[in-house]
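**Q** Take this sequence and fold it.
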Amino acid sequence: MRNIILKIVTGVTAMTMMTAVACAEAMPVFQIQPLKPLSTLLPEALRATPPAPRGDEREPDLVELTTLDPDFHLDIRYATSRNFLGEPLYSQARAFLERPAAEALARVLKALKAQGYGLLIFDGYRPWYVTKLFWDATPSDKHMFVADPALGSMHNRGCAVDLSLYDLKTGQPVEMPSGYDEMTRRAYADYAGGTEAQNAARALLRDAMAREGFTQLPEEWWHFDYRDWRLYPVQNIRFEDIPAK
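**A** Just a heads-up that it's a prediction; the model follows:
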C-alpha cells in the first residue's frame, strides 16, 4: 500500500517516571507516513470542535492510574516519537481513566500480580483533538485502527485503555502477537498466527480484563473499553489541565 510504510525504529525505549519498565532492547515500532504534515494537522485539530454532549452524561472524574497502584508501569508512546506517527503528541507522559474504570483496572492488576504479571500502560484518556489528528493523518484503508472524531472515541471519554503485560520478576514486557499500534492483521484479537506463548499471553490479558467489565477491540488486542463508556462525555482537556485528586 503506497501510503503505508513499516518503519522499524531502533534506540532506547522511552519509558516514563519511576514506574518505567526496564527493557534490555527497544521494541520495534510500526509507523505510517501521515497524509499531511503534523505541523499542519495539529493546529487544525486544536481549532476544531468536539462532538456536543447529550446533556445527560456523568460529571467527569479522571484519575491518574499510578496514584492507585505504583505497579502500573507506563510506556506512554504518544509522549515520545516512538508511535505510529513518529512525533510526540502529548506534552506529558501520564495515564488517566474515569474513576470506575480506573478502579476496575486496579483490580485487574491485583489479580494478575498473583499470577506473576503486571500491567504496562500505553494510553488511557486521550484528548479529542488527538483523535482528530489521528483520523486526518491516517489513510482511509487504515481507518479501522483509529476512531472517527465525529463520534468521539472511548479514549476521549476516559473509558478506554491500551495496555499489555509485563513480567513482575524481570520487568520485561511480555511478547504478544504484534507490537502496539501495529496496523496489520497481526494486531487483530483473533489472529491465530502468533506463537503458542504469544497467543496464551493475549488470552490471559483478555480474560483478566473481561472479568472486570472491559471488552477487547476486535482489531486491536491491546485496546479495551470499559462497560460504562456511554455514560461519559467526549473530553478535550489536556493532561496538565486535569485537576489533581
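
**Q** okay, CA-based contacts and neighbour counts for the rest of this
**A** Fine.

**Q** Next, the residue lying closest to Ala45 once chain neighbours are set aside: secondary structure please.
**A** Nearest in space to Ala45, with sequence neighbours left out and distances taken as CA to CA, 6 or more residues apart in numbering, is Tyr129 at 5.1 Å. At Tyr129 the chain is in helix, as set by DSSP: H, G, I helix; E, B strand; the rest coil.

**Q** What separation do you get for Tyr129 and Phe224?
**A** 20 Å (CA to CA, to the nearest Å).

**Q** residues touching the residue nearest to Ala45, list them.
**A** Tyr129 is in contact with Leu42, Ala45, Leu46, Ala48, Pro50, Asn236, counting by CA atoms under 8 Å, 6 or more residues apart in numbering.

**Q** so can I have TSV of those residues showing neighbour count and secondary structure?
**A** Below are the contacts of Tyr129 laid out as TSV (neighbours: other CA atoms under 10 Å; DSSP: H, G, I helix; E, B strand; the rest coil):
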residue	neighbour count	secondary structure
Leu42	19	helix
Ala45	21	helix
Leu46	15	helix
Ala48	12	coil
Pro50	21	coil
Asn236	18	coil
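
**Q** Kindly indicate which of those lies nearest Leu105.
**A** Asn236 (22.4 Å; CA to CA).

**Q** Look at that closest one and report its pLDDT.
**A** Listed pLDDT for Asn236 reads 98.

**Q** my guess is it contacts Trp128, does it?
**A** Yes: using CA atoms under 8 Å, Asn236 makes contact with Trp128 at a distance of 4.7 Å.

**Q** re earlier: and the residue nearest to Ala45, how close does it get to Thr184?
**A** In terms of CA to CA, Tyr129 sits 25 Å off from Thr184.

**Q** Quickly find the element holding Gly224.
**A** Quick fix: residue 224 is Phe, not Gly. According to DSSP states H and E, Phe224 maps onto strand 220-226.

**Q** So which elements touch that strand?
**A** strand 160-167, helix 196-210, strand 214-217 (3 or more CA pairs under 8 Å, 6 or more residues apart in numbering; DSSP states H and E).

**Q** Now that strand: buried residues?
**A** Glu220, Trp221, Trp222, His223, Phe224, Asp225, Tyr226 (16 or more other CA atoms under 10 Å).

**Q** Tell me the strands beside it, with direction?
**A** Each strand paired with strand 220-226, and its direction, by DSSP bridges: strand 160-167 (antiparallel), strand 214-217 (antiparallel).
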